[in-house]
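Engineer: how would this look folded up:
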Amino acid sequence: MNNLISKNVPLLLAVFLAILMLLTRSNYFDWATVLPSASLAIFFLVGFYLRSYLSFAVFAGLAYACDYWVLYVGGEGCFTSAYGFIFAGYFLLWRSAKWAAGNYDLLRLPDGIKVFAVALLSISGAFLISNGSFYAFSGNFSDLSLIDYSARVMRYYFTYLTDPLIYLGIAALVHRLIQRLPATNVETSE
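Structural biologist: Purely as a prediction, here's the structure:
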């Protein structure tokens, strides 16, 4: 029984993360607009736990589908020539987390702090990629200097950073709780 559960954990995690993305990224559920987008945290978690390039591609496709849905249904969205760079930021998160998962053990406090630092740096990198590309390629800021643009977007950096860190903190607590559960051995009677 435990073997069956452990084999299905990646699938269950993927389904949970996909539902979380649908709830927090699309405007399909009106009540969910109160929740901040979990996309950055999701790409980090996909890299940390699932690790395959296929998992990255599936979640990138889901993110695109959510954005397309918002644009198609709600008429709002931000599809410019810079849009594709958002996936470069997501890839940075995914790849950084994949690297961290192979090098650090979340159950050890020093390693947990290092994973936190990797998350902090990769989220910051995604912020720079997303906003830098939007400035450079969207065509919306030809009359604004890079310094002025940077000053405008820096006010969003704190929430860009803290929202995914809150989700990742919850995930780390769940990870720790699951790891602390006593292993149950299901014995079969003969």
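
Engineer: and the residue nearest to Tyr49 when sequence neighbours are not counted, what's its pLDDT?
Structural biologist: Sequence neighbours aside, Leu13 is the residue nearest to Tyr49 in space, at 5.7 Å (criterion: CB to CB, 6 or more residues apart in numbering). Quick note: C-beta positions are derived from backbone N, CA and C, even for glycine. On the pLDDT scale, Leu13 is placed at 96.

Engineer: ok, Leu13 - contacts?
Structural biologist: Contacts for Leu13 (CB atoms under 8 Å, 6 or more residues apart in numbering) come out as Leu45, Tyr49, Leu50.

Engineer: please repeat the previous calculation with a cut-off of 10 Å.
Structural biologist: Leu45, Val46, Tyr49, Leu50, Ser55, Ala171 (CB atoms under 10 Å, 6 or more residues apart in numbering).

Engineer: helix/strand/coil for the second one?
Structural biologist: Using DSSP: H, G, I helix; E, B strand; the rest coil as the criterion, the local structure at Val46 reads helix.

Engineer: quick one, what contacts it?
Structural biologist: 13-14, 17-18, 21, 52, 55-56, 58-60, 90, 93-94, 97-98.

Engineer: strands along this protein, start to end?
Structural biologist: Assigned by DSSP state E, the strands in the chain number zero.

Engineer: so where's the longest helix in it?
Structural biologist: Longest helix in the chain by number of residues (criterion: DSSP state H): helix 109-137.

Engineer: for that one, buried residues please.
Structural biologist: 112, 114-116, 118-119, 122-123, 126-127, 129-135 (16 or more other CB atoms under 10 Å).

Engineer: so how far is that helix off the chain centroid?
Structural biologist: 11 Å (CA atoms, centre = their mean, to the nearest Å).

Engineer: next one: stretch 169-186
Structural biologist: So, by CA atoms, centre = their mean, the centroid of stretch 169-186 is 21 Å from its chain's centroid.

Engineer: hey, which helix or strand in the protein has the poorest pLDDT?
Structural biologist: helix 2-25 (a mean of 84; mean pLDDT, DSSP states H and E).

Engineer: what comes up buried for that helix?
Structural biologist: So for helix 2-25, counting by 16+ other CB under 10 Å, buried means Leu13, Ala14, Leu17, Leu20, Met21, Leu22, Leu23, Thr24, Arg25.

Engineer: ok, so of the residues you listed, who is nearest Thr159?
Structural biologist: Among the buried residues of helix 2-25, Thr24 lies closest to Thr159 (CB to CB), at 13.6 Å.

Engineer: I figured that closest one hits Val70, correct?
Structural biologist: No. Counting by CB atoms under 10 Å, Thr24 stays clear of Val70, with 11.9 Å between them.

Engineer: quick revisit: nearest to Gln179 among the buried residues of helix 2-25?
Structural biologist: Closest to Gln179, out of all of the buried residues of helix 2-25 and judged by CB to CB, is Leu13, at 14.4 Å.
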